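Undergrad: coords below, sequence missing:
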(Lines give C-alpha, C1' and ligand atoms only; values in the text may rest on other atoms or scores of the structure.)
Protein backbone atom coordinates (compact mmCIF):
# COMPACT_ATOMS: atom_id res chain seq x y z
CA UNK A 1 0.00 0.00 0.00
CA UNK A 2 1.48 3.41 -0.94
CA UNK A 3 2.40 5.59 2.04
CA UNK A 4 -0.11 8.30 1.11
CA UNK A 5 -2.97 5.78 0.81
CA UNK A 6 -2.06 4.26 4.16
CA UNK A 7 -1.89 7.67 5.80
CA UNK A 8 -5.24 8.67 4.35
CA UNK A 9 -6.87 5.44 5.50
CA UNK A 10 -5.45 5.90 8.99
CA UNK A 11 -6.77 9.46 9.17
CA UNK A 12 -10.22 8.38 8.00
CA UNK A 13 -10.29 5.55 10.52
CA UNK A 14 -9.21 7.89 13.32
CA UNK A 15 -12.01 10.32 12.45
CA UNK A 16 -14.66 7.61 12.34
CA UNK A 17 -13.53 6.21 15.70
CA UNK A 18 -13.16 9.62 17.36
CA UNK A 19 -16.84 9.97 18.22
CA UNK A 20 -17.88 8.83 21.69
CA UNK A 21 -20.21 5.82 21.78
CA UNK A 22 -23.90 6.67 21.96
CA UNK A 23 -26.00 4.70 24.42
CA UNK A 24 -29.20 3.21 23.01
CA UNK A 25 -32.71 4.02 24.14
CA UNK A 26 -33.37 0.35 24.83
CA UNK A 27 -31.84 -3.08 24.47
CA UNK A 28 -33.40 -6.51 23.96
CA UNK A 29 -32.01 -10.02 23.83
CA UNK A 30 -32.69 -12.55 21.10
CA UNK A 31 -30.82 -15.42 22.76
CA UNK A 32 -28.93 -16.49 25.85
CA UNK A 33 -25.39 -15.55 24.78
CA UNK A 34 -24.15 -12.09 25.92
CA UNK A 35 -23.60 -11.08 22.29
CA UNK A 36 -27.18 -11.92 21.27
CA UNK A 37 -28.58 -8.44 21.81
CA UNK A 38 -30.12 -5.64 19.78
CA UNK A 39 -29.86 -1.96 20.71
CA UNK A 40 -32.70 0.36 19.72
CA UNK A 41 -32.52 4.05 18.87
CA UNK A 42 -35.72 6.05 18.58
CA UNK A 43 -36.07 8.70 15.88
CA UNK A 44 -34.96 11.99 17.36
CA UNK A 45 -37.75 14.18 16.06
CA UNK A 46 -40.50 11.74 15.16
CA UNK A 47 -43.51 12.82 13.16
CA UNK A 48 -46.52 11.66 15.19
CA UNK A 49 -48.48 11.36 11.95
CA UNK A 50 -45.93 9.24 10.06
CA UNK A 51 -44.22 6.16 11.54
CA UNK A 52 -40.46 6.09 10.97
CA UNK A 53 -38.77 3.57 8.68
CA UNK A 54 -36.75 0.94 10.53
CA UNK A 55 -33.05 0.66 9.70
CA UNK A 56 -31.28 -2.51 10.82
CA UNK A 57 -27.56 -1.89 11.32
CA UNK A 58 -24.93 -4.66 11.19
CA UNK A 59 -21.45 -3.54 12.24
CA UNK A 60 -18.19 -4.52 10.61
CA UNK A 61 -14.78 -5.40 11.95
CA UNK A 62 -13.90 -8.47 9.87
CA UNK A 63 -16.16 -10.64 12.07
CA UNK A 64 -13.40 -10.44 14.71
CA UNK A 65 -13.92 -10.28 18.47
CA UNK A 66 -12.25 -6.91 19.19
CA UNK A 67 -14.79 -5.06 17.06
CA UNK A 68 -18.26 -4.93 18.58
CA UNK A 69 -21.34 -2.80 17.95
CA UNK A 70 -20.15 0.10 20.09
CA UNK A 71 -17.98 1.54 17.32
CA UNK A 72 -20.97 2.00 15.03
CA UNK A 73 -23.28 3.60 17.62
CA UNK A 74 -22.47 7.16 16.42
CA UNK A 75 -23.66 6.07 12.97
CA UNK A 76 -26.82 4.57 14.48
CA UNK A 77 -27.43 7.85 16.33
CA UNK A 78 -26.78 9.77 13.09
CA UNK A 79 -29.54 7.79 11.40
CA UNK A 80 -31.87 8.35 14.35
CA UNK A 81 -31.24 12.09 14.06
CA UNK A 82 -32.22 11.77 10.40
CA UNK A 83 -35.64 10.47 11.46
CA UNK A 84 -35.11 6.71 11.27
CA UNK A 85 -35.86 4.14 13.93
CA UNK A 86 -32.69 2.05 14.30
CA UNK A 87 -31.91 -1.47 15.46
CA UNK A 88 -28.17 -2.07 16.03
CA UNK A 89 -27.55 -5.82 16.07
CA UNK A 90 -24.75 -7.57 17.94
CA UNK A 91 -23.65 -11.09 17.04
CA UNK A 92 -20.98 -13.62 17.92
CA UNK A 93 -17.66 -12.98 16.26
CA UNK A 94 -14.37 -14.85 16.20
CA UNK A 95 -12.83 -16.18 19.37
CA UNK A 96 -10.19 -13.92 20.89
CA UNK A 97 -7.36 -16.24 19.85
CA UNK A 98 -4.74 -15.72 17.14
CA UNK A 99 -5.48 -17.14 13.73
CA UNK A 100 -3.03 -19.53 12.14
CA UNK A 101 -0.10 -17.67 10.65
CA UNK A 102 -0.28 -14.87 13.22
CA UNK A 103 -2.95 -12.90 11.36
CA UNK A 104 -4.54 -11.55 14.52
CA UNK A 105 -7.79 -12.74 16.13
CA UNK A 106 -9.64 -15.32 14.08
CA UNK A 107 -12.53 -13.99 11.99
CA UNK A 108 -16.03 -15.23 12.77
CA UNK A 109 -17.41 -18.46 14.13
CA UNK A 110 -19.01 -21.16 12.05
CA UNK A 111 -21.93 -21.59 12.37
CA UNK A 112 -22.51 -19.22 15.29
CA UNK A 113 -22.12 -15.92 13.42
CA UNK A 114 -24.72 -16.96 10.85
CA UNK A 115 -26.96 -18.51 13.50
CA UNK A 116 -27.06 -15.15 15.25
CA UNK A 117 -27.87 -13.04 12.22
CA UNK A 118 -30.67 -15.39 11.22
CA UNK A 119 -32.06 -15.48 14.77
CA UNK A 120 -31.81 -11.71 15.23
CA UNK A 121 -33.63 -10.94 12.00
CA UNK A 122 -36.32 -13.51 12.79
CA UNK A 123 -36.85 -12.04 16.26
CA UNK A 124 -36.65 -8.41 15.19
CA UNK A 125 -40.26 -7.72 14.17
CA UNK A 126 -41.59 -8.68 17.59
CA UNK A 127 -38.76 -6.96 19.47
CA UNK A 128 -39.02 -3.77 17.44
CA UNK A 129 -42.78 -3.75 17.92
CA UNK A 130 -42.15 -3.71 21.66
CA UNK A 131 -39.16 -1.38 21.86
CA UNK A 132 -39.69 0.90 18.85
CA UNK A 133 -43.39 1.61 18.59
CA UNK A 134 -42.53 4.57 16.32
CA UNK A 135 -41.15 2.19 13.67
CA UNK A 136 -42.96 1.25 10.49
CA UNK A 137 -41.90 -2.36 10.03
CA UNK A 138 -43.27 -2.29 6.49
CA UNK A 139 -40.42 0.10 5.66
CA UNK A 140 -37.45 -1.89 6.89
CA UNK A 141 -34.04 -1.42 5.31
CA UNK A 142 -30.99 -3.40 6.37
CA UNK A 143 -27.56 -1.82 6.19
CA UNK A 144 -24.12 -2.98 7.20
CA UNK A 145 -20.52 -1.89 6.89
CA UNK A 146 -17.66 -4.05 5.63
CA UNK A 147 -18.15 -7.50 7.22
CA UNK A 148 -21.53 -6.20 8.34
CA UNK A 149 -22.26 -5.36 4.71
CA UNK A 150 -21.63 -9.01 3.90
CA UNK A 151 -24.05 -10.04 6.64
CA UNK A 152 -26.69 -7.60 5.38
CA UNK A 153 -26.51 -9.06 1.87
CA UNK A 154 -26.57 -12.58 3.30
CA UNK A 155 -29.55 -11.88 5.54
CA UNK A 156 -31.53 -10.63 2.55
CA UNK A 157 -30.66 -13.77 0.57
CA UNK A 158 -31.71 -16.49 3.02
CA UNK A 159 -34.61 -17.55 0.78
CA UNK A 160 -32.14 -18.52 -1.96
CA UNK A 161 -29.76 -20.48 0.27
CA UNK A 162 -29.25 -24.15 -0.66
CA UNK A 163 -32.24 -26.30 0.26
CA UNK A 164 -30.31 -28.16 2.95
CA UNK A 165 -29.29 -25.00 4.80
CA UNK A 166 -30.66 -24.59 8.32
CA UNK A 167 -30.72 -20.83 7.70
CA UNK A 168 -32.89 -21.00 4.58
CA UNK A 169 -36.12 -19.02 4.79
CA UNK A 170 -39.25 -20.12 2.97
CA UNK A 171 -39.93 -16.64 1.60
CA UNK A 172 -38.02 -13.40 0.97
CA UNK A 173 -37.42 -11.21 3.99
CA UNK A 174 -39.94 -8.36 4.32
CA UNK A 175 -37.42 -5.67 3.41
CA UNK A 176 -37.68 -2.49 1.38
CA UNK A 177 -34.06 -3.07 0.50
CA UNK A 178 -30.42 -3.44 1.44
CA UNK A 179 -27.76 -0.72 1.53
CA UNK A 180 -24.40 -2.46 1.84
CA UNK A 181 -21.45 -0.22 2.71
CA UNK A 182 -18.09 -1.38 1.32
CA UNK A 183 -19.25 -4.96 1.83
CA UNK A 184 -17.13 -8.09 1.66
CA UNK A 185 -19.60 -9.19 -0.98
CA UNK A 186 -17.61 -11.66 -3.07
CA UNK A 187 -15.40 -14.07 -1.15
CA UNK A 188 -13.49 -15.30 -4.17
CA UNK A 189 -12.28 -11.80 -5.03
CA UNK A 190 -11.78 -10.91 -1.36
CA UNK A 191 -9.47 -13.87 -0.91
CA UNK A 192 -7.49 -13.03 -4.05
CA UNK A 193 -6.96 -9.54 -2.62
CA UNK A 194 -6.31 -10.86 0.91
CA UNK A 195 -9.03 -8.59 2.30
CA UNK A 196 -8.64 -8.20 6.08
CA UNK A 197 -5.86 -10.81 6.11
CA UNK A 198 -7.97 -13.66 4.81
CA UNK A 199 -10.98 -12.96 7.01
CA UNK A 200 -13.54 -14.62 4.73
CA UNK A 201 -11.46 -17.79 4.62
CA UNK A 202 -11.29 -17.81 8.42
CA UNK A 203 -15.02 -17.15 8.69
CA UNK A 204 -15.72 -20.34 6.75
CA UNK A 205 -13.40 -22.41 8.89
CA UNK A 206 -10.16 -22.23 6.93
CA UNK A 207 -8.92 -23.32 3.55
CA UNK A 208 -10.08 -26.92 3.98
CA UNK A 209 -13.74 -25.90 4.37
CA UNK A 210 -13.83 -22.78 2.21
CA UNK A 211 -15.16 -24.23 -1.07
CA UNK A 212 -17.62 -26.51 0.73
CA UNK A 213 -19.16 -23.69 2.77
CA UNK A 214 -18.96 -20.87 0.24
CA UNK A 215 -22.38 -21.60 -1.36
CA UNK A 216 -23.97 -21.16 2.09
CA UNK A 217 -22.22 -17.93 3.00
CA UNK A 218 -20.97 -15.95 0.00
CA UNK A 219 -23.48 -13.34 -1.27
CA UNK A 220 -22.07 -13.64 -4.79
CA UNK A 221 -23.40 -17.22 -4.81
CA UNK A 222 -26.87 -16.16 -3.58
CA UNK A 223 -28.36 -14.35 -6.55
CA UNK A 224 -30.82 -13.14 -7.64
CA UNK A 225 -32.58 -12.15 -4.41
CA UNK A 226 -35.42 -10.06 -5.82
CA UNK A 227 -34.77 -7.49 -3.09
CA UNK A 228 -33.68 -3.96 -3.98
CA UNK A 229 -29.98 -3.67 -3.24
CA UNK A 230 -27.57 -0.75 -3.31
CA UNK A 231 -23.86 -0.82 -2.59
CA UNK A 232 -22.08 2.35 -1.48
CA UNK A 233 -18.36 2.12 -2.04
CA UNK A 234 -15.45 4.52 -1.72
CA UNK A 235 -13.16 4.48 -4.74
CA UNK A 236 -10.04 4.91 -2.60
CA UNK A 237 -10.96 2.14 -0.13
CA UNK A 238 -7.83 0.12 0.64
CA UNK A 239 -9.51 -2.11 3.24
CA UNK A 240 -12.22 -3.61 1.02
CA UNK A 241 -11.29 -2.45 -2.48
CA UNK A 242 -13.80 -1.37 -5.10
CA UNK A 243 -13.14 -4.56 -7.09
CA UNK A 244 -15.05 -6.61 -4.50
CA UNK A 245 -18.25 -4.57 -4.89
CA UNK A 246 -17.90 -4.49 -8.65
CA UNK A 247 -17.56 -8.26 -8.82
CA UNK A 248 -20.75 -8.71 -6.79
CA UNK A 249 -22.64 -6.27 -9.02
CA UNK A 250 -21.41 -8.16 -12.09
CA UNK A 251 -22.52 -11.48 -10.58
CA UNK A 252 -25.95 -9.97 -9.96
CA UNK A 253 -26.17 -8.78 -13.55
CA UNK A 254 -25.31 -12.26 -14.81
CA UNK A 255 -28.16 -13.56 -12.64
CA UNK A 256 -30.54 -11.05 -14.20
CA UNK A 257 -30.64 -8.58 -11.33
CA UNK A 258 -29.61 -4.93 -11.19
CA UNK A 259 -27.68 -3.89 -8.10
CA UNK A 260 -27.16 -0.18 -7.55
CA UNK A 261 -23.50 0.74 -7.18
CA UNK A 262 -22.81 4.21 -5.80
CA UNK A 263 -19.09 4.93 -6.10
CA UNK A 264 -17.76 7.88 -4.12
CA UNK A 265 -14.66 9.70 -5.35
CA UNK A 266 -11.85 10.38 -2.86
CA UNK A 267 -13.59 8.30 -0.18
CA UNK A 268 -12.05 5.35 1.63
CA UNK A 269 -13.46 2.69 3.93
CA UNK A 270 -14.44 4.49 7.10
CA UNK A 271 -16.16 7.75 6.02
CA UNK A 272 -19.26 5.71 5.14
CA UNK A 273 -20.01 5.36 8.87
CA UNK A 274 -18.43 8.61 10.07
CA UNK A 275 -21.09 11.19 11.00
CA UNK A 276 -18.52 13.95 10.37
CA UNK A 277 -17.99 12.86 6.75
CA UNK A 278 -20.04 13.90 3.72
CA UNK A 279 -20.14 10.25 2.65
CA UNK A 280 -22.27 9.41 5.67
CA UNK A 281 -24.97 11.80 4.45
CA UNK A 282 -24.89 10.03 1.08
CA UNK A 283 -25.47 6.74 2.88
CA UNK A 284 -28.47 8.17 4.74
CA UNK A 285 -29.93 9.38 1.45
CA UNK A 286 -29.50 5.96 -0.15
CA UNK A 287 -31.32 4.41 2.78
CA UNK A 288 -34.09 6.99 2.56
CA UNK A 289 -34.60 6.31 -1.13
CA UNK A 290 -35.31 2.66 -0.41
CA UNK A 291 -37.24 3.24 2.82
CA UNK A 292 -39.68 5.74 1.33
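TA: Structure received. Bear in mind that the values here come from a model prediction, so they are computed numbers and not experimental data.
Undergrad: pretty sure residue 109 contacts residue 91?
TA: No: applying CB atoms under 8 Å as the test, residue 109 and residue 91 come out as separate, 9.3 Å apart. The way it works is simple: take the backbone N, C-alpha and C, and place the C-beta from them, glycine included.
Undergrad: between those two, who's got more neighbours?
TA: For residue 109 and residue 91, the more surrounded residue by other CB atoms under 10 Å is residue 91, and the numbers stand at 29 against 20.
Undergrad: tell me who's in contact with the more buried one.
TA: 35, 36, 58, 113, 116, 117, 120, 151 (CB atoms under 8 Å, 6 or more residues apart in numbering).
Undergrad: so which of those sit within helices?
TA: Within the contacts of residue 91, residues falling in helices by DSSP state H are 113, 116, 117, 120, 151.
Undergrad: isn't the first one right up against residue 204?
TA: Put plainly, it is residue 113. No: no contact is recorded between residue 113 and residue 204 when judged using CB under 8 Å, the distance being 10.3 Å.
Undergrad: how about the helices in the stretch 101-250 of the chain?
TA: According to DSSP state H, counting those that start in this stretch, the stretch 101-250 of the chain carries its helices in the segments 112-131, 147-155, 187-192, 199-203, 207-217, 242-254.
Undergrad: please identify the buried residues of the strand ranked longest in the chain?
TA: When the chain is scanned for its longest strand (criterion: DSSP state E), the result is strand 135-145. Within strand 135-145, the residues scored as buried using 16 or more other CB atoms under 10 Å are 135, 136, 137, 139, 140, 141, 142, 143, 144, 145.
Undergrad: low-confidence ranges in the stretch 151-292 of the chain?
TA: The model of the stretch 151-292 of the chain has no residue with pLDDT under 70.
Undergrad: any idea how far the residue nearest to residue 236 when sequence neighbours are not counted is from residue 35?
TA: Spatially, and ignoring its direct neighbours in sequence, residue 236 is nearest to residue 268 (5.0 Å; CB to CB, 6 or more residues apart in numbering). Spatial separation of residue 268 from residue 35 under the definition CB to CB, to the nearest Å is 28 Å.
Undergrad: look up how far residue 262 lies from the residue nearest to residue 236.
TA: 15 Å.
Undergrad: which one's more surrounded, these two?
TA: Under the neighbour definition other CB under 10 Å, residue 268 and residue 262 were set side by side, and residue 268 has more, 25 against 17.
Undergrad: what residues does that one make contact with?
TA: Each residue near residue 268 by CB under 8 Å, 6+ apart is listed here: 8, 9, 12, 234, 236, 237, 238, 239.
Undergrad: please redo it, this time with the cut-off set to 6 Å
TA: Listed by CB atoms under 6 Å, 6 or more residues apart in numbering, the contact set of residue 268 reads 9, 12, 234, 236, 237.
Undergrad: most surrounded residue in those?
TA: residue 234 (28 neighbours).
Undergrad: isn't that residue right up against residue 266?
TA: No: contact status for residue 234 versus residue 266: not in contact, 8.0 Å apart, counting by CB atoms under 6 Å.
Undergrad: quick one on the thing from earlier: any idea whether the residue nearest to residue 236 is helix, strand or coil?
TA: Using DSSP: H, G, I helix; E, B strand; the rest coil, the three-state assignment for residue 268 comes out as coil.
Undergrad: now swap in residue 18 and tell me
TA: The local conformation at residue 18, judged by three-state DSSP, is coil.
Undergrad: just say which of the helices of the stretch 101-250 of the chain is most tucked in.
TA: Among the helices of the stretch 101-250 of the chain, helix 147-155 has the highest mean neighbour count (mean count of other CB atoms under 10 Å), at a mean of 29.
Undergrad: can you give me the angle it makes with strand 135-145?
TA: Computed by axes from the mean of the first three to the mean of the last three CA atoms, to 10 degrees, the angle separating helix 147-155 from strand 135-145 equals 120 degrees.
Undergrad: distance from helix 147-155 to the middle of the chain?
TA: 4 Å (CA atoms, centre = their mean, to the nearest Å).
Undergrad: and that helix, what other elements does it pack with?
TA: Contact analysis of helix 147-155 by 3 or more CB pairs under 6 Å, 6 or more residues apart in numbering; DSSP states H and E lists strand 52-58, helix 112-131, strand 135-145, strand 177-181 as its packing neighbours.
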